[in-house]
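**Q** any chance you could fold what I've pasted below:
(one chain, ligands or ions: 3)
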Amino acid sequence: MKKNFSVAIAGGGSTYTPDMLEMLCLVREDFPLRKVVLYDIDADRQEHIGKFGEILFREYYPEAEFSYTTDPQKAFEDIDFVLVQIRAGGLKMRELDEKIPLKYGVIGQETCGPGGFAYGMRSVPAMIELVKTIRRYSPEAWILNYSNPAAIVAEATKRVFPDDYRLINICDMPISIMDIFCPLAGGRKRTDVEPRYYGLNHFGWFTHMYDKKTGEDVLPEMLEKLKTGDCDRELGYSGKNDDYWNFTFRHLEKMVQDFPHSLPNTYMQYYLYPDTMVKHSDPNYTRANTVIDGRERRVKEYCDGVASLNQIRGTQYDLDLKYSRGSHLDADGSFASATVAHNDAHATYIVELAMSIAYNQNDIFLIITENKGIVPNLSEGMMLEVACRVGINGAEPLRIQEAGAFEKGLLEGQYAYEKLTVDAALEGSYQKALMALTVSRTVGDAELARTLLDEYIAANGEYFPKLV
Ligand SMILES: NC(=O)c1ccc[n+]([C@@H]2O[C@H](COP(=O)([O-])OP(=O)(O)OC[C@H]3O[C@@H](n4cnc5c(N)ncnc54)[C@H](O)[C@@H]3O)[C@@H](O)[C@H]2O)c1
Ligand SMILES: O=P(O)(O)OC[C@H]1O[C@H](O[C@H]2[C@H](O)[C@@H](O)[C@@H](O)O[C@@H]2CO)[C@H](O)[C@@H](O)[C@@H]1O
Ligand SMILES: [Mn+2]
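**A** Numbers count the residues shown, from 1 in each chain. Ligands and ions are numbered 1, 2, ... in the order given. Here you go, the predicted model:
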């Protein structure tokens with residue numbers, strides 16, 4: 001008899017929440033829940049998703065109690081898992097994060113370069129406060145965090161909550177890369193292989209991809225195909241994504257052609273080809289605008305559509321039709337091939353992680369965790385994203401080889417930027433903030449760093465810690 005768990009989603013109004021709710025419904029037999037509660041600081045935004053959730057749970061999961069609230073006590077009392085996806089400052093501030101540097105010909109991106117710095121300065125205080133609040137009501141809950149910039153959030157939570165092994169920071173990007181590119185290895189799926197990967201979040205490389213049954217490393221086969229630069233035809237990713245992701249996945253081929261010994265994270269494009277990326281950006285209409293006009297609008301319409309009908313079954317939203325599968329688990333126990341409404345990897349990954357903890361499965365996940373010798377020639381304190389076995393006792397990293405000179409050089413510079421950003425946020429230090437932006441390879445000039453910093457301080461107002 002399986003225990004019935006309770007789940008809270010912090011950032012209940014997130015564009016990713018409907019997928020997570022649907023995913024929880026899909027796995028109700030394998031991961032039975034007694035309660036799901038959404039928590040957000042923005043009642044109006046969350047209400048659209050809350051109303052959708054009420055109908056979804058009424059029809060598909062009546063045995064689980066569903067609610068949404070802005071009261072942290074109601075949200076976090078008696079909770080086993082908190083899935084966190086907050087965006088401090090919202091998409092409106094993301095737009096400024098991206099547009100301010102682009103005015104100066106510098107990368108304008110959600111998590112990379114100056115945009116990631118500004119987002120980090122907002123996220124660090126917001127996440128620390130949220131974790132303290134959760135701990136007040138559920139000291140032993142597992143906090144599985146997606147909130148970005150995950151590298152900076154992880155560096156901050158390591159410092160403020162050093163012994164809290166139930167607080168885990170994750171990212172869906174490597175998983176998406178595996179979902180998309182593993183078929184290059186003889187038609188394999190992500191769940192057929194075990195990855196080895198290392199780096200900082202949004203700044204790392206796959207070094208091996210071991211076939212689960214034979215132990216064969218199939219990454220060389222994938223890299224060979226990527227080097228030909230014709231993978232879109234074989235994989236058809238253009239047909240599945242928007243222009244940004246199509247460009248990005250094609251750019252991965254270019255990165256492998258230039259640096260063929262490993263498979264980089266897509267976000268390396270911002271650090272290895274900043275000029276190309278700036279040229280490819282529209283300073284007046286950035287990714288934030290695309291998301292506001294696209295995913296954010298679509299998700300709201302989707303939820304409002306369900307609410308207006310007051311039912312899901314028998315409508316175009318019917319989950320049984322959308323996920324027409326008898327069992328939601330593949331033969332090997334994963335449900336990676338379930339197709340979700342708006343985004344495939346995101347909900348799948350975090351729910352798989354929760355299940356691996358709940359049932360002590362010790363499956364392999366890429367987790368952001370303190371180096372402490374995992375990669376012996378990198379800084380001990382570096383928050384590495386690496387393959388870990390995850391079960392009821394937390395994440396246990398798998399040791400890997402030393403970093404090469406190329407990767408080590410890039411990583412230590414990026415880590416200096418991340419550390420200084422967290423110093424700036426925790427100490428309220430203007431000087432540290434200036435050093436952080438100056439050391440970032442996307443900026444690299446102290447005068448420019450000061451200009452960007454002053455504009456960000458003015459634009460962010462109360463969202464930023466006071467910097468003196
Ligand atoms: N780690 C990853 O790989 C990954 C992948 C996708 C998204 N994300 C992150 O997930 C988050 C959500 O993304 P989105 O596009 O859905 O954003 P969104 O703006 O649609 O949703 C975020 C929600 O968080 C709420 N919020 C903000 N501060 C809060 C706080 N202190 N407490 C509770 N709620 C708060 C907002 O009101 C909003 O409803 C972002 O941080 C994004 O960067 C991370
Ligand atoms: O620009 P956005 O808001 O659309 O995406 C930013 C996030 O991008 C990554 O997540 C990807 C995911 O890896 C991929 O599967 C794709 O399908 O969707 C996601 C974004 O929608 C990244 O890992 C996140 O950290 C970013 O927030
Ligand atoms: Mn990510």
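**Q** which parts of the protein are strands?
**A** For the chain, strands defined by DSSP state E occupy the ranges 5-10, 33-39, 65-69, 81-84, 142-145, 167-169, 193-200, 203-211, 263-264, 363-370, 383-391, 394-397.
**Q** how far away is the closest residue to Met382 other than its chain neighbours from Ala405?
**A** Spatial nearest neighbour of Met382, chain neighbours left out: Asn371 (4.4 Å); criterion: Cβ to Cβ, 6 or more residues apart in numbering. Any C-beta I mention is one placed from the backbone N, CA and C, and that applies to glycine too. Separation of Asn371 from Ala405 (Cβ to Cβ, to the nearest Å) stands at 18 Å.
**Q** circling back to that earlier point, can I get the strands of the chain in JSON lines including mean pLDDT and distance to Asp217?
**A** Listed next are the strands of the chain as JSON lines, based on pLDDT from 0 to 100; distance: least, Cβ to Cβ, whole Å:
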{"stretch": "strand 5-10", "mean pLDDT": "98", "distance to Asp217": "36"}
{"stretch": "strand 33-39", "mean pLDDT": "98", "distance to Asp217": "38"}
{"stretch": "strand 65-69", "mean pLDDT": "98", "distance to Asp217": "44"}
{"stretch": "strand 81-84", "mean pLDDT": "98", "distance to Asp217": "33"}
{"stretch": "strand 142-145", "mean pLDDT": "98", "distance to Asp217": "29"}
{"stretch": "strand 167-169", "mean pLDDT": "98", "distance to Asp217": "27"}
{"stretch": "strand 193-200", "mean pLDDT": "98", "distance to Asp217": "9"}
{"stretch": "strand 203-211", "mean pLDDT": "98", "distance to Asp217": "5"}
{"stretch": "strand 263-264", "mean pLDDT": "98", "distance to Asp217": "12"}
{"stretch": "strand 363-370", "mean pLDDT": "98", "distance to Asp217": "15"}
{"stretch": "strand 383-391", "mean pLDDT": "98", "distance to Asp217": "13"}
{"stretch": "strand 394-397", "mean pLDDT": "98", "distance to Asp217": "19"}
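**Q** when Asn371 and Ala405 are compared, which one has more neighbours?
**A** Asn371 (18 against 9; other Cβ atoms under 10 Å).
**Q** check contacts around the more buried one.
**A** Asn371 makes contact with Leu378, Ser379, Glu380, Gly381, Met382, Met383, Leu384, according to Cβ atoms under 8 Å, 6 or more residues apart in numbering.
**Q** which of these sits closest to ligand 3?
**A** Each of the contacts of Asn371 was checked against ligand 3 using Cβ to the ion; the closest is Met383, at 13.4 Å.
**Q** about what we covered before: tabulate the contacts of Asn371 (TSV), appending distance to Gly461 and neighbour count.
**A** Shown next, in TSV, are these (distance: Cβ to Cβ, whole Å; neighbours: other Cβ atoms under 10 Å):
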residue	distance to Gly461	neighbour count
Leu378	37	21
Ser379	34	16
Glu380	37	10
Gly381	31	14
Met382	32	24
Met383	28	26
Leu384	34	30
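**Q** wait, which of those residues is closest to Gly199?
**A** Nearest to Gly199 among the contacts of Asn371, counting by Cβ to Cβ, is Leu384 at 7.0 Å.
**Q** partners of the closest one in the sheet?
**A** Counting by DSSP bridges, Leu384 is bridged to Thr369.
**Q** these two touch, right, it and Lys372?
**A** No - in this structure, Leu384 is not within contact of Lys372 by Cβ atoms under 8 Å, at 9.1 Å.
**Q** helices along the stretch 351-468 of the chain, start to end?
**A** Taking DSSP state H, counting those that start in this stretch as the criterion, the stretch 351-468 of the chain contains helices spanning 405-427, 430-439, 446-460.
**Q** rewinding a little: if I look at the residue nearest to Met382, how far off is Gln311?
**A** Counting by Cβ to Cβ, the gap from Asn371 to Gln311 is 51 Å.
**Q** do Gln85 as well
**A** For Gln85 relative to Gln311 (Cβ to Cβ), the value is 27 Å.
**Q** so between these two, which is more surrounded?
**A** Counted by other Cβ under 10 Å, Gln85 and Gln311 do not tie: Gln85 has more neighbours, with 21 against 14.
**Q** make TSV out of the strands of the chain and add distance to Tyr16.
**A** Output for the strands of the chain, formatted as TSV (distance: least, Cβ to Cβ, whole Å):
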stretch	distance to Tyr16
strand 5-10	9
strand 33-39	12
strand 65-69	15
strand 81-84	9
strand 142-145	13
strand 167-169	16
strand 193-200	22
strand 203-211	22
strand 263-264	24
strand 363-370	18
strand 383-391	19
strand 394-397	22
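**Q** of all these, which one is nearest Lys419?
**A** strand 383-391 (9.4 Å).
**Q** which neighbouring elements make contact with that closest one?
**A** Applying 3 or more Cβ pairs under 8 Å, 6 or more residues apart in numbering; DSSP states H and E, we find strand 383-391 packed against helix 150-160, strand 193-200, helix 345-358, strand 363-370, strand 394-397.
**Q** nearest residue to Pro125 other than its sequence neighbours?
**A** Pro465 is the one closest to Pro125 (Cβ to Cβ, 6+ apart), at 5.8 Å.
**Q** what's the local residue count around that neighbour?
**A** By the measure other Cβ under 10 Å, the count of residues near Pro465 is 18.
**Q** roughly how far does Ile168 sit from Arg313?
**A** 35 Å.
**Q** more neighbours: these two, which one.
**A** Comparing Ile168 with Arg313 by other Cβ under 10 Å, the one with more neighbours is Ile168, at 25 against 12.
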